[in-house]
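Student: give the three-dimensional model of this entry:
(one chain, ligands or ions: 1)
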Amino acid sequence: MSSTSESHGADALGADSLLSLVPVVPVVVIEDLAHAVPVARALVAGGLPVIELTLRTPVALDAIHAIAAAVPEIRVGAGTIVTPGQVKQARDAGAQFLVSPGSTPTLLAAMADSGLPFLPGTATVSEALAVLEAGFSEMKFFPAEASGGAAYLKSIASPVPAARFCPTGGITAASAPSYLALPNVGCVGGSWLTPADALATGDWDRVSAFAAEAAALG
Ligand code: 3PG
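Tutor: You can find the predicted model right below:
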């Protein structure tokens, strides 16, 4: 699932496009910093060497830093980027990619200026067109299920062929294949691989099993 775009930013990675790394990007909410490194190792063990840490908890930036330092075999990124200031914080913490739930011209410029690959969030055709106009063809589709799901993305594949998506939000192991079958979807994102109870109980084998199941969707 390689990018065919000639635009810049995330697409400059070519074969290393964010949409082409893994079929499922684990979206992880870390409440306890001690969980960061074990959960990253569990994902790698299951065959998913990518992790998106949401910037929604006080320890998120420290978790990114800890994972970047201790688990070099995983690509760690920052999600829930909503301000230009968070772009700098995430980069300084060691984030290797950025994901935002929505897009504004200011946020797009900040993410592009970071030099990191990124997925700007979109939920409508007009938003996708705006991101394409800014020069980026790879984007997050969020919140995927609430915004029309796989049927929506299927409907816009023909009229907006240049856009390629990582749908995220409400996706499960059961619904992921319907997205991954679409020509304009490179990967999906989701938190189902790392449920809060598995992290709270240190059930890393369960996380690895979910990761292996997700990796097999590729
Ligand atoms: C998010 O940013 O919360 C992601 O979209 C994950 O959504 P999910 O928890 O519904 O998988």
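Student: around the ligand, which positions in the chain sit nearby?
Tutor: Within the chain, the positions adjacent to the ligand are 27, 54, 79-80, 142, 168-171, 189-191 by CB under 6 Å from any ligand atom. No exception for glycine: its C-beta is placed from N, CA and C like everyone else's.
Student: just the ones of those residues in strands?
Tutor: When the residues of the chain next to the ligand are checked against strands (DSSP state E), the matches are 27, 54, 79, 189-190.
Student: which of these has the most neighbours?
Tutor: Ranked by neighbour count under the definition other CB atoms under 10 Å, these are headed by residue 79 with 29 neighbours.
Student: ok, it touching residue 95?
Tutor: No - Residue 79 lies out of contact with residue 95 (CB atoms under 8 Å); the separation is 9.4 Å.
Student: which neighbours do those two share?
Tutor: Common contact partners of residue 79 and residue 95 (CB atoms under 8 Å, 6 or more residues apart in numbering): residue 53.
Student: so which elements touch the helix or strand that contains residue 112?
Tutor: Taking DSSP states H and E as the definition, one finds residue 112 inside helix 105-113. Using 3 or more CB pairs under 8 Å, 6 or more residues apart in numbering; DSSP states H and E as the contact definition, the elements that helix 105-113 packs against are helix 84-93.
Student: any idea which helix or strand comes after the helix it packs on?
Tutor: Counting by DSSP H and E, the next helix or strand C-terminal to helix 84-93 is strand 98-99.
Student: show me where the protein has its strands.
Tutor: For the chain, the strands identified by DSSP E occupy 24-28, 50-54, 75-79, 98-99, 118-119, 121-122, 138-141, 164-167, 188-190, in order along the chain.
Student: what's the most buried one of the ones you listed?
Tutor: Neighbour counts averaged per stretch over those are highest for strand 118-119, at a mean of 31; criterion: mean count of other CB atoms under 10 Å.
Student: per-residue pLDDT, the closest residue to residue 207 other than its chain neighbours?
Tutor: In space, and not counting its chain neighbours, residue 207 is closest to residue 42: 4.0 Å by CB to CB, 6 or more residues apart in numbering. Among the per-residue scores, residue 42 shows a pLDDT of 98.
Student: can you get me a residue count around residue 42?
Tutor: Using other CB under 10 Å, residue 42 has 27 other residues around it.
Student: same check on the one 3 residues further on?
Tutor: When neighbours are defined as other CB under 10 Å, residue 45 has 16 of them.
Student: dump the residue contacts of residue 214.
Tutor: For residue 214, the contact set (CB under 8 Å, 6+ apart) comprises 22-24, 26, 46, 48, 173, 176, 193.
Student: pLDDT for those residues - can I get that in CSV?
Tutor: Converted to CSV, the contacts of residue 214 look like this (pLDDT from 0 to 100):
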residue, pLDDT
22, 96
23, 97
24, 98
26, 98
46, 98
48, 97
173, 97
176, 98
193, 98
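Student: of the residues you listed, buried ones?
Tutor: Neighbour counting over these (16 or more other CB atoms under 10 Å) leaves 22-24, 26, 46, 48, 176, 193 as the buried ones.
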